[in-house]
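Q: output the structure for:
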Amino acid sequence: MLVAEKHNFSLHNPSWSFTLGPETYDTKDTPRRVERIREALAGDPRFRFTTAKRRPDSLLARLHPYHDFIKKTSQIARKTGDEIYPDLFPGEGARLQRRIHPLWGGLWCTDAVTPIMGRTYEVAKGSAEAAITGAEILLAGKQREVYALCRPSGHHAGPRVFGGYCYFNNTATAAEVLAPHGTVAILDIDYHHGNGTQEFFDERNDVFTCSIHGDPNREYPYFWGYSSERGIGQGEGANLNLPLPLGTGNDGYLKALDRAIRAIRKFKPAFVIIGAGFDTHAEDPIGGFKLSTDVYGEIGRRLAVFDTPVLICQEGGYNLDVLGSCVHALLTGFAEHR
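A: Just a heads-up that it's a prediction; the model follows:
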């Protein structure tokens, strides 16, 4: 399997932490995540690595209205050496000029755990370029499956705002590359609902979005991800949310996965994109499911049923002891049964 990657992932390394009552929270999205995945794949001759190509800013800027804010704030942070966090979160209807100011990030950012550092823009752009490169390889007909090793993740970044460790939406950007050539289905299997991905395509019927995730009544992103969200206008029926309860194990998860696969096959897409998150593992520090390491091989085998070109984009997964093994299991299970 071909792996599209960018080599600048280590340049974005936030260091935030905060306390809430007796608990201390700190960022789980570190460069070591990519290192562990690469270690697991590089020793297997079935995986070949290719460097993602540089692309103009224009596509990301068109899809993400906060593109210039992230780029310019990153330039400021590079000069000052700061991690810049938003300190203003205006509500609907607030009358604020849309000029660039590093502390006005709340215009575009949903939370205070997605800081902008000196190299954040180029690393986030590189992550999206890995997904774009994967999509272009599929369009060229050279491969029928590509794994894009993306970091930062992207599925919480939407057409209005970003957040949740995500800056640009990698799967949505790849879908925009593929959509002129045929319908697209996006399946998000991260523990957290891909609210940004859903919002990008809520009103479209040429891109089917589906997400299996923790119940948003108690899990991030809280305000999106409910089963009643089916799409809007001409997009009605083109979104399927499958929230699962805390503690869901292998059997319950596979049952939901089978339902998602049936819905996607009914849609008959020309391309499939999988947002592969591994924070569904039982030992993930910010997940709530009870999936075992070996079940990811079975997940990969079931995903192999799609007879269309497939792009797999890395999303979450934060237990460094098991992440590489889980990614390797899913990708090999998938590749061996295509």
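
Q: quick one: buried residues of stretch 44-57?
A: 47, 52, 55 (16 or more other C-beta atoms under 10 Å). Where C-beta positions appear, they are placed from N, C-alpha and C, glycine not excepted.

Q: those into a markdown table, with extra columns for secondary structure and distance to residue 66?
A: Conversion of the buried residues of stretch 44-57 to a markdown table gives the following (DSSP: H, G, I helix; E, B strand; the rest coil; distance: C-beta to C-beta, whole Å):
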| residue | secondary structure | distance to residue 66 |
| --- | --- | --- |
| 47 | coil | 34 |
| 52 | coil | 22 |
| 55 | coil | 18 |
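
Q: closest to residue 302 among these?
A: residue 47 (20.5 Å; C-beta to C-beta).

Q: quick check: closest non-adjacent residue to the closest one.
A: Counting by C-beta to C-beta, 6 or more residues apart in numbering, residue 47 lies nearest to residue 41, which is 4.4 Å off, once chain neighbours are set aside.

Q: can you check residue 79 too?
A: Nearest non-adjacent residue to residue 79 (C-beta to C-beta, 6+ apart): residue 118, at 7.7 Å.

Q: my guess is that neighbour contacts residue 74. True?
A: Yes. The pair residue 118 / residue 74 is scored as a contact, 6.3 Å apart, by C-beta atoms under 8 Å.

Q: who's more crowded, those two?
A: Between residue 118 and residue 74, counted using other C-beta atoms under 10 Å, the more crowded position is residue 74 (23 against 20).

Q: count of neighbours near residue 139?
A: 15.

Q: count of neighbours near residue 167?
A: 30.

Q: hang on, the earlier thing: if I pick the residue nearest to residue 79, what's in contact with it?
A: Contacts for residue 118 (C-beta atoms under 8 Å, 6 or more residues apart in numbering) come out as 74-75, 77-79, 81.

Q: how about residue 167?
A: When contacts are counted by C-beta under 8 Å, 6+ apart, residue 167 touches 70, 114, 120-121, 124, 127, 152, 154, 157.

Q: residue 188 now?
A: Taking C-beta under 8 Å, 6+ apart, we find residue 188 in contact with 155, 171, 194, 197, 209-213, 274-275, 277, 315.

Q: in strands, which of these fall?
A: Counting by DSSP state E, the part of these found in strands is 209-213, 274-275.

Q: tell me the two of those residues that are most distant?
A: Taking C-beta to C-beta, the two most distant members of the ones in strands among the contacts of residue 188 are 213 and 274; they sit 13.8 Å apart.

Q: these two - which one has more neighbours?
A: residue 213 (30 against 26).

Q: quick check, the more buried one in contact with residue 187.
A: No. Residue 213 is beyond contact range of residue 187, at 11.3 Å (criterion: C-beta under 8 Å).

Q: circling back: tell me the one of the contacts of residue 167 nearest residue 234?
A: Closest approach between these and residue 234, by C-beta to C-beta: residue 157, at 23.5 Å.

Q: which element is the residue nearest to residue 79 on?
A: Residue 118 belongs to no helix or strand when assigned by DSSP states H and E.

Q: parallel or antiparallel, list what pairs with the helix or strand of the chain with the lowest mean pLDDT.
A: Least confident element among the helices and strands of the chain, by mean pLDDT, DSSP states H and E: strand 17-20 (a mean of 76). Within its sheet, and counting by DSSP bridges, strand 17-20 is paired with strand 23-26 (antiparallel).
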